[in-house]
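Peer 1: With the input below, show me the fold.
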Amino acid sequence: MKTIFSLMFALLIAGSLFAQDNAPADKNEQKSKKEQKQAALEEQYQKNIALIESKQFVLEADFLVRQSGVQDMVTNVLNYILVDSTMSILQVGQNYGMGANGVGGFTAKGTISKWKIDLDNKKKIISIRYTVSAAAIVYNVLLYLPTNGNANGTISGYSLSNKVNFVGKLVPLKSSVVFEGRSL
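Peer 2: Have a look, this model is predicted:
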């Protein structure tokens, strides 16, 4: 009986000594991982700022979000918000149905005005607001760019009965492969 207690006591002490030896290494490793994550976030944030300031980018949507919060998977080639200097294209399309724009949705192409960028340097979030004047209709656009790699965009305007919410990736204009339907 004494040997069992002695053996258990020895294992308990050995286990606690082993845990103490690894504790500083774990803390240093955790600190290193946290620093690497912060550096990666800062790098992505700076890339997003440079891309936004160039005004040559596309938010290619993977999902459209309804007012109820339900996300519908969409084709990013047909669903996007494009910014090219002083011009913007807003498009919603489907793989089926033709519609007035030829891609089963709407396409609005127009000039950008009221461009405003807000930077949250602490949280590393960028938001952009602008308006698009297209064929006597004005659309309001809000882009929200956190550093997690996703981008969110919301279009509202006179001809839209509801807001259109995009969730996707922000890509440089020269890397984008979007298809433009007929502007209405």
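Peer 1: From now on I want contacts and neighbour counts done on CA atoms only, so please keep to that.
Peer 2: Will do.
Peer 1: buried set for the lengthiest strand in the chain?
Peer 2: When the chain is parsed with DSSP state E, its longest strand is strand 106-120. By neighbour count on 16 or more other CA atoms under 10 Å, the buried set for strand 106-120 is 106-113.
Peer 1: Could you do stretch 47-63 as well?
Peer 2: Those would be 48-49, 51-52, 55-63, for stretch 47-63 by 16+ other CA under 10 Å.
Peer 1: With stretch 40-49 instead?
Peer 2: 41-42, 44-45, 48-49.
Peer 1: same deal with stretch 156-175?
Peer 2: Across stretch 156-175, burial judged by 16+ other CA under 10 Å covers 156-157, 164-173.
Peer 1: hmm, which two among those are most spread apart?
Peer 2: Spatial extent of the buried residues of stretch 156-175 (CA to CA) is set by the pair Gly157 and Pro172 at 25.5 Å.
Peer 1: returning to that earlier point: list the helices and strands the longest strand of the chain packs on?
Peer 2: With contacts taken as 3 or more CA pairs under 8 Å, 6 or more residues apart in numbering; DSSP states H and E, strand 106-120 sits against strand 87-92, strand 125-134.
Peer 1: ok, and what's touching that strand?
Peer 2: 86-93, 99-101, 125-135, 180-184 (CA atoms under 8 Å, 6 or more residues apart in numbering).
Peer 1: and the closest residue to Thr86 other than its chain neighbours, how far is that from Asn148?
Peer 2: Excluding the flanking residues, the one nearest Thr86 by CA to CA, 6 or more residues apart in numbering is Ile112, at 5.2 Å. According to CA to CA, to the nearest Å, Ile112 and Asn148 sit 27 Å apart.
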